[in-house]
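In: what's the 3D shape of this:
(one chain, ligands or ions: 3)
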Amino acid sequence: MAVIPVDIAGRPYEVQVGSGLLPRLAELAGPRLRKRRVPIVTDAHVHKACGAAVEASLAAAGHEAAWRILPPGEATKSWEQLAATVDWLLAEEVERGDHIIALGGGVIGDLTGFAAAILKRGCNFIQVPTTLLAQVDSSVGGKTAINTPAGKNLVGAFHQPALVLADLDALGTLPQRELLAGYAEVVKYGLLGDAPFFDWCVINGAAMLAGDAALREYAVAHSVAAKAAIVKADERETLGLRALLNLGHTFGHALEAQTGFSNRLLHGEGVALGMVLAARFSARRGLIAAADAERIAAHFTDVGMASEIATLGLNCDGQALVAHMLHDKKMDAGTLPFVLLRQIGEAFLAKDVDLGEVATFLDAELSGRR
Ligand SMILES: NC(=O)c1ccc[n+]([C@@H]2O[C@H](COP(=O)([O-])OP(=O)(O)OC[C@H]3O[C@@H](n4cnc5c(N)ncnc54)[C@H](O)[C@@H]3O)[C@@H](O)[C@H]2O)c1
Ligand SMILES: O=C(O)C(=O)C[C@@H](O)[C@H](O)[C@H](O)COP(=O)(O)O
Ligand SMILES: [Zn+2]
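Out: Residues are numbered from 1 along each chain as shown. Ligands and ions are numbered 1, 2, ... in the order given. As a prediction, the model looks like this:
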């Protein structure tokens, strides 16, 4: 069991990482659960996998679960589901001091967190992440959002949870593809600022993914600690530090948009491909050594992830992907800063990237003729 504090000014909270947390949810949430009925937002897969344990825990503490069970998948991060969820929370008579529970992956966490941020101008919520991605990344740091037809996470709020409970046992029912997608965000922490952790991933990643409990706890706790340190230093992404957590995301979000935010490409899969692209683009600019960029690609291939966008069959050119990037929230007065790599373990924000050069680079990557 690991407890990582997230030291945000005025609203500190804990991330608890360990086994057996779901059956203890009511006990761990304690007096935060003020009423008999506890509002829980989840999706149908998670309800099937984790619902009974949560319900039993609440019942043992004299509570009753009020479930809102949403359709699984990225399409749920929508205006329609947000509005319906807020209306449901209002019907449940949720007060500001109550705690709404987000039980699920990043989709549920992002949507529920945003609903909590706007309900009565801000209600409490507890993140109970059940995917690897949500445990290592989305449940921590307070970014909440929905997608719009214009692009990814374009409407949202910074709203920190009151508590995060990451039960490693929940990963037992997670499909392999989802586990791998989450692993991309684990590798991200090594690439952006912690070369020894990237080496740890190369040595231990496969065994961690295969289910080694101690390695899983280390990977989640280490990732959360890395994110907590960055969020503490730059909660609102204004200092150029939190933006480093966006490594691979400008490319990745464009790939997600091009595939229609569909099951064809999961967020984490887009991030893995995006990080390979960011590394290769950095090498092209004389930054990271080309061999190190290929070491990153090879690691994703080794664990069973795609590392070449040519294999996606996107049927578009580089300019089409760049057009999606123009909606990136880092866009500033006509310039799009890119998170690039000087070396493995050293990311920085490059503000002099020409989008024409990006389009040319992507044309070559898309055709597989690098
Ligand atoms: N807020 C942030 O800081 C942040 C960070 C990273 C990603 N995100 C967002 O997170 C989202 C991706 O999250 P995700 O990868 O967790 O996807 P997800 O929430 O769609 O979950 C993935 C799939 O796994 C299923 N699932 C979840 N837990 C399960 C379990 N324990 N057993 C069986 N099935 C389970 C879900 O039903 C879903 O089908 C994206 O929208 C991304 O933009 C946000
Ligand atoms: O917490 C952050 O900051 C991140 O950038 C984490 C990312 O993994 C995550 O996908 C985030 O939602 C992307 O943020 P966005 O601001 O580009 O939407
Ligand atoms: Zn991400």
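
In: just say helix, strand or coil for the residue in the chain positioned nearest to ligand 2.
Out: Residue of the chain nearest ligand 2, by C-beta to the nearest ligand atom: residue 153 (3.3 Å). To be clear about C-beta, it is placed using only N, CA and C from the backbone, and glycine gets the same treatment. Secondary structure, DSSP: H, G, I helix; E, B strand; the rest coil: residue 153 is strand.

In: doesn't residue 143 make contact with it?
Out: Yes. With contact defined as C-beta atoms under 8 Å, residue 153 counts as touching residue 143 (7.5 Å).

In: shared neighbours of the two, anything?
Out: Common contact partners of residue 153 and residue 143 (C-beta atoms under 8 Å, 6 or more residues apart in numbering): residue 110.

In: which one of these two has more residues nearby?
Out: Set side by side, residue 153 and residue 143 show more neighbours around residue 143, with 24 against 20, by other C-beta atoms under 10 Å.

In: I figured that one hits residue 110, correct?
Out: Yes. In this structure, residue 143 is within contact of residue 110 by C-beta under 8 Å, at 7.4 Å.

In: surely residue 270 is within a strand?
Out: No. Looking at residue 270 with three-state DSSP, it is helix, so not inside a strand.

In: report the contact partners of the nearest residue to it once chain neighbours are set aside.
Out: With sequence-adjacent residues excluded and distances taken as C-beta to C-beta, 6 or more residues apart in numbering, residue 270 is closest to residue 252, at 3.5 Å. The contact partners of residue 252, taken as C-beta under 8 Å, 6+ apart, are 267, 270-275.

In: same question, residue 277
Out: 248, 251, 309, 361-362, 365 are the contacts of residue 277 under C-beta under 8 Å, 6+ apart.

In: now residue 92: phi and psi?
Out: phi -80, psi 0 (degrees, to the nearest 10).

In: need the three-state assignment for residue 341.
Out: strand.

In: in this structure it contacts residue 276, no?
Out: No. Using C-beta under 8 Å as the test, residue 341 is too far from residue 276 to be in contact (10.7 Å).

In: which neighbours do the two share?
Out: Common neighbours of residue 341 and residue 276 (C-beta under 8 Å, 6+ apart) are residue 293.

In: pretty sure residue 275 is in a helix, no?
Out: Yes. Looking at residue 275 with three-state DSSP, it is inside a helix.

In: I'd assumed residue 184 was in contact with it.
Out: Yes. Assessed by C-beta under 8 Å, residue 275 is found in contact with residue 184 at 7.1 Å.

In: between those two, which contacts overlap?
Out: Taking C-beta under 8 Å, 6+ apart as the contact rule, residue 275 and residue 184 both touch residue 248.

In: the helix or strand harbouring the residue nearest to residue 270: how far from the chain's middle?
Out: In the assignment (DSSP states H and E), residue 252 maps to helix 249-258. Counting by C-alpha atoms, centre = their mean, to the nearest Å, helix 249-258 is centred 14 Å from the centre of its parent chain.

In: now the element after the helix or strand hosting residue 201, going C-ward?
Out: Following DSSP H and E, one finds residue 201 within helix 195-210. Downstream of helix 195-210, the first helix or strand assigned by DSSP H and E is helix 213-233.

In: could you check the angle helix 195-210 makes with that following helix?
Out: Counting by axes from the mean of the first three to the mean of the last three C-alpha atoms, to 10 degrees, helix 213-233 lies at 130 degrees to helix 195-210.

In: just list what helix 213-233 packs against, helices and strands only.
Out: strand 2-6, strand 13-18, strand 163-167, helix 176-193, helix 195-210 (3 or more C-beta pairs under 8 Å, 6 or more residues apart in numbering; DSSP states H and E).
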